[in-house]
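In: Sequence unavailable; structure follows:
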Ligand SMILES: NC(=O)C1=CN([C@@H]2O[C@H](COP(=O)(O)OP(=O)(O)OC[C@H]3O[C@@H](n4cnc5c(N)ncnc54)[C@H](O)[C@@H]3O)[C@@H](O)[C@H]2O)C=CC1
Ligand SMILES: Nc1nc(O)c(N)c(N[C@@H]2O[C@H](COP(=O)(O)O)[C@@H](O)[C@H]2O)n1
């Protein structure tokens with residue numbers, strides 16, 4: 001067994017089940033979108049990291065194992081390019097029984113998805129994600145970009161490892177931002193046969209996702225809360241305030257079907273945005 005294998009007891013899995021994609025999930029119809037779980041670890045002051053460039057450990061061992069269980073239950077795991085640059089992440093599943101961790105082939109290994117509209121991620125094949133793909137312990141990434149012709153050297157590295165660029169056009173969203181429209185991103189993933197995706201972050205990804213136009217596409221929210229304050233200046237989760245046509249503040253959004261579960265010193269909160 002690989003040295004970094006994680007264990008997540010069956011007894012801890014039960015409470016997560018209502019918030020996870022069904023095991024026999026099959027997408028039906030041309031417009032079907034993947035089951036989408038928003039999941040991240042936050043401090044008590046709603047921060048993901050000490051600064052945009054800093055890999056910051058928030059989850060304790062038990063909630064980290066839970067995150068890897070979530071990875072085993074989704075076809076894909078999505079992050080923004082800011083996180084790819086800051087963290088050099090593996091984005092594989094290191095739980096006992098997953099492919100490369102006692103399991104066969106790439107069973108239980110999610111497809112990493114990097115949202116990089118301008119194709120600015122300057123990766124080499126020494127990045128952890130490609131090392132894991134070469135070792136048979138993870139999949140190579142698909143990169144969502146708006147660039148018509150991404151750099152040929154990057155495309156070659158991706159293709160050598162089984163990854164690729166996927167082109168999605170930019171649009172002005174209802175909040176007036178010019179960027180990727182999340183429904184288009186999710187549609188592109190569905191077209192690749194990816195029936196479920198967990199969106200991990202970072203701040204820009206989560207804040208742009210957490211606006212009312214996207215609530216119908218977020219199937220579940222699973223958040224690890226760590227008992228620490230990072231202090232001002234970090235990467236904050238705090239979506240744009242919403243106003244109605246008269247300029248009045250729309251009451252803030254509350255999760256529904258909320259469940260809490262302690263994992264070591266952390267607590268994990270699950271809920272839904274849509275009824
Ligand atoms: N605690 C946790 O669970 C996690 C922490 N992080 C942390 O978050 C930090 C990175 O966060 P950020 O700097 O905010 O970067 P990010 O990972 O959110 O990536 C930001 C970039 O993604 C692209 N992007 C995101 N949403 C877009 C949209 N709707 N349309 C077009 N482009 C879009 C843009 O190029 C943008 O510059 C890192 O320090 C990382 O360690 C990241 C993931 C999870
Ligand atoms: N669940 C969770 N807890 C934390 O404390 C974190 N810092 C993160 N970060 C996310 O996990 C990615 C790292 O993945 P690998 O361990 O390299 O596979 C990182 O890029 C963030 O997306 N998550």
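Out: Nice, thanks for sending it over. Note that this is a predicted model, so its numbers are computed, not measured. Ligands and ions are numbered 1, 2, ... in the order given.

In: Get me the contact residues on the stretch 151-275 of the chain for ligand 2.
Out: 200-201, 224 (CB under 6 Å from any ligand atom). The way it works is simple: take the backbone N, C-alpha and C, and place the C-beta from them, glycine included.

In: first to last residue in stretch 110-124, what's the distance?
Out: 21 Å (CA to CA, to the nearest Å).

In: Now for the nearest residue to residue 86 once chain neighbours are set aside, how many residues are close by?
Out: Spatial nearest neighbour of residue 86, excluding adjacent residues (CB to CB, 6 or more residues apart in numbering): residue 53 at 4.9 Å. Using other CB atoms under 10 Å, residue 53 has 11 other residues around it.

In: now do residue 149
Out: 9.

In: cool, the one 5 residues further on as well?
Out: Here the number of neighbours of residue 154 (other CB under 10 Å) works out to 19.

In: Checking it next. Helix, strand or coil?
Out: Look at residue 154: counting by DSSP: H, G, I helix; E, B strand; the rest coil, its state is helix.

In: which residues does it contact?
Out: Contact analysis of residue 154 by CB atoms under 8 Å, 6 or more residues apart in numbering lists 119, 121, 123, 165.

In: in a strand, that's where the second one is, yeah?
Out: No: with three-state DSSP as the criterion, residue 121 is located in coil rather than a strand.

In: Roughly how far does it sit from ligand 2?
Out: For residue 121, the distance to ligand 2 (CB to the nearest ligand atom, to the nearest Å) stands at 13 Å.

In: returning to that earlier point: out of the residues of the stretch 151-275 of the chain next to ligand 2, which one has the lowest pLDDT?
Out: pLDDT across these is lowest for residue 201, at 94.

In: what sits against that one?
Out: Counting by CB under 8 Å, 6+ apart, residue 201 has contacts 40, 48, 79-80, 83.

In: Can you tell me the centre-most residue of the chain?
Out: For the chain, residue 199 is the residue whose C-alpha lies nearest the centre (CA atoms, centre = their mean; 2.2 Å).

In: what kind of secondary structure is that one in?
Out: strand.

In: returning to what we had before: out of the residues of the stretch 151-275 of the chain next to ligand 2, which comes closest to ligand 1?
Out: residue 201 (2.5 Å; CB to the nearest ligand atom).

In: distance of the residue in the stretch 101-250 of the chain positioned nearest to ligand 2 from residue 150?
Out: Nearest residue of the stretch 101-250 of the chain to ligand 2 (CB to the nearest ligand atom) works out as residue 200 at 3.9 Å. Per CB to CB, to the nearest Å, residue 200 is found 23 Å from residue 150.

In: Residue 185 too?
Out: With CB to CB as the criterion, residue 185 and residue 150 are 16 Å apart.

In: more crowded one of these two?
Out: residue 185 (24 against 18).

In: thinking again about what came up before, need the nearest residue in space to the residue of the stretch 101-250 of the chain closest to ligand 2, chain neighbours excluded.
Out: Closest to residue 200 by CB to CB, 6+ apart is residue 79, at 5.2 Å.

In: so where do the strands sit in the stretch 151-275 of the chain?
Out: 164-167, 170-172, 178-180, 196-201, 220-225, 235-236, 256-263, 266-272 (DSSP state E, counting those that start in this stretch).

In: Helix or strand next in line after the lengthiest helix in the chain, which one?
Out: If you go by DSSP state H, the chain has its longest helix at helix 61-72. Per DSSP states H and E, the first helix or strand lying C-terminal to helix 61-72 is strand 76-80.
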